[in-house]
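[1] predicted structure and sequence below. I'll ask about it afterward.
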Amino acid sequence: MDIITKIYNTTGFANFQLSNLIMIIIGCAAIYFAIKNKYEPLLLLPIGFGIIIGNIPYLESLPIGVYDEGSPFYYLYFGVKSGVLPPLIFLGIGAMTDFSALISSPKSVLLGAAAQIGIFITFLGALTLGFAPEQAASIGIIGGADGPTSIFLSSQLAPELLGPIAIAAYSYMALVPLIQPPIMKLLTTQKERKIRMAKPPQPSKNARILFPIVVAIIAAFIAPASITLIGMLCLGNLLKESGVTDRLAKTASTSLIDIATIVLAFTVGAKTQAETFLTPRSLGIFGLGLLSFIIATFFGVLFAKFMNIFLKEKINPLIGAAGVSAVPNSARVVQKFGRKYDEDNHLLFHALAPNVAGVIGSAIAAGVFIAIFF
């Protein structure tokens, strides 16, 4: 009986608690939405599985979790907490992204900038609720709807909040199709939703090559701390557009970003152990993150309407919602929502411009916060 008791005490059943069950259910729900609804499956599925694995109880003497120095998961998670994996993901994003829409429509930068207002308003709100400035900055960046940026900033300023911030950021990225349409509908009229925009001319090859170089230089001077993310984003895009590094661009946009995404998403999920995740502070982060995302969408659409006051060729204000940097999910949502009111109105190309601008804007905002609070 002593042997049986000892064996039982080494199992997960011996220390299993209700909080572990709740987290496992959350992990299963993430997997369900990833498979059934296809909400960012490349992210939600490994995160959900990581949540399940991270909430199986084990003896403290066994170094198997992301918190236990010496365990394999600990070293995999090192790439997250050290800030190594987010820049690699940005390299892949750059190699996959076509900046042509933004180059053809420079005014869309304003829409991307307007959507970042949600970051700074939520930053002030988090300060009001008693979060430290470093923590408030990390929470506010969730409004950019950019998971790698949120992880990178929190790993530098508030590593103790990295788990809930990462889960919140990726959750809201996945829930873009649910969160944004009601806001777009509230702020626009049917006439505005039917506005058709002429497709601008395609930029030249030289313009596409120069663009990432110029953006990297300007971002470095505006916010030097942003160059870790912006620099890798622009390098990836330069590999793609140069036409002489196809092998490197293909590796960055496939194998490299896939490996980095799997490791990052799984270990972030595994870090959400019940005792550290199911707390009032974590729930507050989720609430503030949602508020930040809503405000970002709100100001993006409103600023597009404001721009129309001065523009001869009106823009469809729906594309302002794509100013958040959930690339390309937010642009696709704008396209789908617009076609509900006019099936022949194709907004995807136009929405990609503020969408890409939002990626750059949120990374610069993160650089500003690092420069102030690091």
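    Good, I have the coordinates. Numbering: from 1, shown residues only.
[2] residue ranges with poor pLDDT in the protein?
    145 (pLDDT under 70).
[3] ok, 80 please
    Low-confidence segments of the chain (pLDDT under 80): 1, 4-12, 14, 59-62, 143-146, 275-278, 325-327.
[4] biggest helix in it, by residue count?
    helix 280-308 (DSSP state H).
[5] quick check: angle from whichever helix or strand comes after it to helix 280-308?
    Where DSSP states H and E defines the elements, the next helix or strand beyond helix 280-308 is helix 329-339. Inter-element angle recorded for helix 329-339 and helix 280-308: 50 degrees (by axes from the mean of the first three to the mean of the last three CA atoms, to 10 degrees).
[6] quick one: contacts of stretch 334-350?
    101, 105, 108, 177, 180-181, 184-185, 190, 193-197, 199, 315-316, 318-319, 321-322, 331-332, 351 (CB atoms under 8 Å, 6 or more residues apart in numbering). C-beta coordinates here come from the backbone N, C-alpha and C atoms, glycine included.
[7] filter these down to the buried ones.
    Buried by 16 or more other CB atoms under 10 Å: 101, 105, 108, 177, 180-181, 184, 193, 195, 197, 315-316, 318-319, 321-322, 331-332, 351, out of the contacts of stretch 334-350.
[8] where's Ile151 relative to Lys81, distance?
    Per CB to CB, to the nearest Å, Ile151 is found 9 Å from Lys81.
[9] which neighbours do these two share?
    With CB under 8 Å, 6+ apart, Ile151 and Lys81 have common neighbours Leu162.
[10] which of the two has more residues huddled nearby?
    Shown here are Ile151 and Lys81; by other CB atoms under 10 Å, Ile151 has more neighbours (27 against 19).
[11] that one reaches Ala166, doesn't it?
    Yes: if you go by CB atoms under 8 Å, Ile151 and Ala166 touch, sitting 5.0 Å apart.
[12] so what sits against both of these two?
    Val268.
[13] which strand or helix spans Gln202?
    Gln202 belongs to no helix or strand, assigned by DSSP H and E.
[14] got a list of what it touches?
    Ser100, Ser104.
[15] got phi/psi on it?
    Per-residue torsions, Gln202: phi -70, psi 140 (degrees, to the nearest 10).
[16] report how many residues lie close to the nearest residue to Leu238 once chain neighbours are set aside.
    Using CB to CB, 6 or more residues apart in numbering and skipping the chain neighbours, the partner closest in space to Leu238 is Pro212 (4.6 Å). Other residues near Pro212 come to 24 when the count uses other CB under 10 Å.
[17] mind listing what's buried in the helix or strand containing Pro212?
    Assigned by DSSP H and E, Pro212 belongs to helix 205-222. By neighbour count on 16+ other CB under 10 Å, the buried set for helix 205-222 is Arg208, Ile209, Phe211, Pro212, Val215, Ala216, Ala219, Ala220.
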